[in-house]
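K.L.:
structure, please.
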Amino acid sequence: MFEQAAGSAPALSASSLIQLIWLASPALPVGGFSYSEGLETAIERAGVATESIASDWLDDQLHLTLARGDLAVIAQAVPAWRQGQTGDLARIRQLNDWVLQTRETSELRAQAEQMGRSLLEWLRNHDGSDAARIAACAGLPPTYPIAFALAASQTSAGVRDCLLAYAFGWAENMMQAALKSVPLGQSAGQRILARLSRAIPAAVELAMQLPDDERQAFSPMLAILSSQHETQYSRLFRS
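P.N.:
Coordinates of the predicted model:
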């Protein structure tokens, strides 16, 4: 299973499908619900005040940051975790370092680190997890994309399916953040989620094609808003 090529896509077993759904669930105890990734400040300071604008904002974030950053990292990290007895640790460390180095604010970096620790702790208590790989991951210590790649690599899912699960989990969390912050009703939230769901496959395809020298996390407005959120007077979210 661990030697599976990055681009292969075998039939997904029921257990692997359930595992990916589980990893994408907002109920997974990794703290994703507590972050807005700058959206809360965008609502206060950048005019993200309606369903239409919030939908546009999240669609842009999907394509400009998630697809070219975290998803592209996971596309490389899943096959790296599937190598040998404990994964290709040199490659995994390189990818983990890239995530840390490209988080442009203390909040965004803290989110990546906290969610990585929490997911690794969940894996330690999860039946069937690979103890050797978990120990190797703990030594990094892992960011969330790297920990997610480890969890997803222990299924029989192809890389594309792993990325679809990650992207949908992100989309559902961000939709919920918009509902609380704009605020919006449930129907508006479902329309936003439907739009993101239609856009996710193209974002995943782009991420799978990106080589290392084209992966990037350049999003200056997001960085500015995240920095402002650190001192925002009234807020619901940690970032």
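
K.L.:
any idea how far residue 110 lies from residue 147?
P.N.:
15 Å (CB to CB, to the nearest Å). For the C-beta atoms, the positions are set from N, CA and C on the backbone; glycine is no exception.

K.L.:
between those two, which one's more packed in?
P.N.:
residue 147 (28 against 15; other CB atoms under 10 Å).

K.L.:
list the contacts of the helix or strand where the more buried one lies.
P.N.:
Assigned by DSSP states H and E, residue 147 falls within helix 144-153. Helix 144-153 is contacted by residues 2, 19-20, 23, 30, 70, 73-74, 77-82, 87, 92, 95-96, 99, 111-113, 115-117, 119-120, 122-123, 133-134, 137, 140, 142, 162, 165-166 when judged by CB atoms under 8 Å, 6 or more residues apart in numbering.

K.L.:
nearest spatial neighbour of residue 222, skipping sequence neighbours?
P.N.:
residue 38 (5.0 Å; CB to CB, 6 or more residues apart in numbering).

K.L.:
wait, isn't the one you found in contact with residue 229?
P.N.:
Yes: here residue 38 reaches residue 229: they are 6.3 Å apart, a contact under CB atoms under 8 Å.

K.L.:
following the helix or strand hosting residue 175, which helix or strand comes up?
P.N.:
If you go by DSSP H and E, residue 175 is part of helix 159-181. Next along the chain after helix 159-181, taking DSSP H and E as the criterion, comes helix 186-209.

K.L.:
go through the helix or strand that that following helix is followed by and flag the buried ones.
P.N.:
Toward the C-terminus, helix 186-209 is succeeded by helix 220-229 as the next helix or strand (DSSP H and E). By 16 or more other CB atoms under 10 Å, the buried positions in helix 220-229 come out as 222, 223, 224, 225, 226, 227, 228, 229.

K.L.:
report the rounded mean pLDDT for helix 220-229.
P.N.:
For helix 220-229, mean pLDDT rounds to 87.
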